[in-house]
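Asks: Could you work out the structure for the sequence below:
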Amino acid sequence: MADAGSTSIVIPACNEAAAIGEVVAALRSAARWHEILVVDDGSSDETATRAVGAGAEVIRHPYNKGNGAAVKTGIRRATGEFVLILDGDGQHRADDATRLVARLGEYDLVVGARASASQANAVRLWGNRLLNWLASYLTGHPIPDLTSGFRAARRVYLREFLHLLPNGFSTPTTTTLAFIKAGYNVGFEPTEARPRVGHSKIRLARDGVKFFLILLRVITIFSPLRVFLPVSGVAFLVGAGYAAWTIATQSHVTNSSVLLIMLSVIVFLVGLVSEQIAALRFEGRNYQD
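Replies: Okay, here's the model as predicted:
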């Protein structure tokens, strides 16, 4: 069972001077953590100074690399057995942090799942719901909050997937999907997110497409047939249906029908080969207690 004394906190932050001091102070008041690491991702304000003043250890990037890059830096520098990751904008509550960590041991990754009322607006709420539904289908596991940046995990398991993590804003998506498809125990703890201090750096139109593409990329790495099989099935049904219609109405099969059926077979075979390649990723894997 995890506790605060064996947990490193990693806080990626870029221009969060208005909130970072209070975030660190609240965490220090909530429990005696192994360490609190603030990764200053090329801030142009006093983020680093205020984090140090509140009692955190600060790691500075010389220029802005992205939220994911800051998280990776923090994971590499962390020395605790467990790692808790949260945003530096004041959204997450310190008492929720202790609840997430308390569930580690039973689970290898615990995600702070935000309530619907915590979403910034209706557009983001429905966008996240769509991503959650798609991720749940592709993984075969219910995912109530795919994009929450509030999460705790065993450090050794996070390091296992470090090479998959992008430098942008989709580290939560990648870690959640990777842990589930790798067979680790993933739990979701209900949390209430407060309005962030300052303006969000995520843009729905731009980053929503990135989240979707990363979701497909991670699933094709671990379970390709979840993607290839539906595409193959749709192509086959359309081709066979069109062939049946042309036979009934024109007494012959069109080239389009044949091509669609051939496409379905090719996509299925590519998916099958990809599934075998994905299985090889775990051959000889070192399992740890």
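
Asks: do you know how far the spatially most central residue of the chain is from S29?
Replies: What sits nearest the mean C-alpha location of the chain, by CA atoms, centre = their mean, is T173, with 1.7 Å. For T173, the distance to S29 equals 31 Å [CB to CB, to the nearest Å]. For the C-beta atoms, the positions are set from N, CA and C on the backbone; glycine is no exception.

Asks: A30 versus the nearest residue to A115 once chain neighbours are set aside, what's the distance?
Replies: Leaving aside its sequence neighbours, A115 sits nearest to E192 (CB to CB, 6 or more residues apart in numbering; 5.8 Å). Shown here: E192 relative to A30, a distance of 15 Å by CB to CB.

Asks: pLDDT below threshold where in the stretch 151-289 of the chain?
Replies: 195-208, 210-211, 215, 281-289 (pLDDT under 70).

Asks: how about the strands in the stretch 101-250 of the chain?
Replies: Along the stretch 101-250 of the chain, counting by DSSP state E, counting those that start in this stretch, strands occupy 109-114, 151-154, 186-191.

Asks: mind listing what the first one pairs with, with the direction of each?
Replies: The partner list of strand 109-114 in its sheet, established with DSSP bridges, is strand 151-154 (antiparallel), strand 186-191 (parallel).

Asks: So for it, mean pLDDT?
Replies: Here strand 109-114 scores 92 as its mean pLDDT.

Asks: can I get the CA coordinates of that strand in PDB?
Replies: C-alpha atoms of strand 109-114 as PDB (Å, rounded to 0.1, in the frame of the first residue of the first chain):
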ATOM      1  CA  LEU A 109      -2.500   3.500 -11.900                       C
ATOM      2  CA  VAL A 110      -5.200   5.600 -10.200                       C
ATOM      3  CA  VAL A 111      -6.800   8.500 -12.200                       C
ATOM      4  CA  GLY A 112      -8.700  11.400 -10.700                       C
ATOM      5  CA  ALA A 113     -12.000  11.200 -12.700                       C
ATOM      6  CA  ARG A 114     -13.600  14.700 -12.900                       C
END
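
Asks: so how far is that strand off the chain centroid?
Replies: 10 Å (CA atoms, centre = their mean, to the nearest Å).

Asks: again with the last one
Replies: In terms of CA atoms, centre = their mean, the centre of strand 186-191 is found 13 Å from the chain centre.

Asks: now what about it, what contacts it?
Replies: Outside strand 186-191, the residues that touch it by CB atoms under 8 Å, 6 or more residues apart in numbering are 92-93, 96, 99-100, 103, 106-115, 118, 141, 143-145, 148, 150, 176, 179-180.
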